[in-house]
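Chemist: generate coordinates for the sequence data below:
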Amino acid sequence: MRFLVTLERGEDGYIVVECPALPGCVSQGKTEEEALSNIKDALVGILKVRRKHKLPLPAAHTAQVRVGI
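Modeler: Residues are numbered from 1 along each chain as shown. Model prediction:
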C-alpha cells in the first residue's frame, strides 16, 4: 500500500511526518530519512492493529490540483 505523508520541521528542529489517511499516525526524526523510516514503522503497526480488530483499511488515494498564481 502507498500512503501520502506530509513532512514539516517542528519548533525543536525535528522533522514531523504524518499520514492524513490515518488520523493520529504521526512520527518524527532528526533527518528526513529517519522521519520517513519511523512513519513506515508507525503505519505498519496501525495497519496490523486495524486488521487484527477487523477494522477497515483506508483506501489509499492521492489527487493533484493545479493552481495559477
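Chemist: next one: the residue most central in space within the chain, what pLDDT does it get?
Modeler: Note on the chain: the residue nearest the mean C-alpha position is Cys19, at 2.6 Å, using Cα atoms, centre = their mean. According to the model's per-residue confidence, Cys19 sits at a pLDDT of 92.
Chemist: before we move on, what about Gln64?
Modeler: Each residue has a pLDDT score; the one for Gln64 is 63.
Chemist: let me see the contact set for the nearest residue to the residue nearest to the centre of the chain once chain neighbours are set aside.
Modeler: Excluding the flanking residues, the one nearest Cys19 by Cβ to Cβ, 6 or more residues apart in numbering is Cys25, at 4.2 Å. Any C-beta I mention is one placed from the backbone N, CA and C, and that applies to glycine too. Taking Cβ atoms under 8 Å, 6 or more residues apart in numbering, we find Cys25 in contact with Glu18, Cys19, Ile39, Ala42, Leu43, Ile46.
Chemist: would you list every one of the strands in this protein?
Modeler: Chain-ordered strands for the chain, with DSSP state E as the definition, fall at 6-9, 15-18, 26-29.
Chemist: give me the contacts around the first one.
Modeler: What that stands for is strand 6-9. Applying Cβ under 8 Å, 6+ apart, the set of residues contacting strand 6-9 is Ile15, Val16, Val17, Glu18, Pro20, Glu32, Ala35, Leu36.
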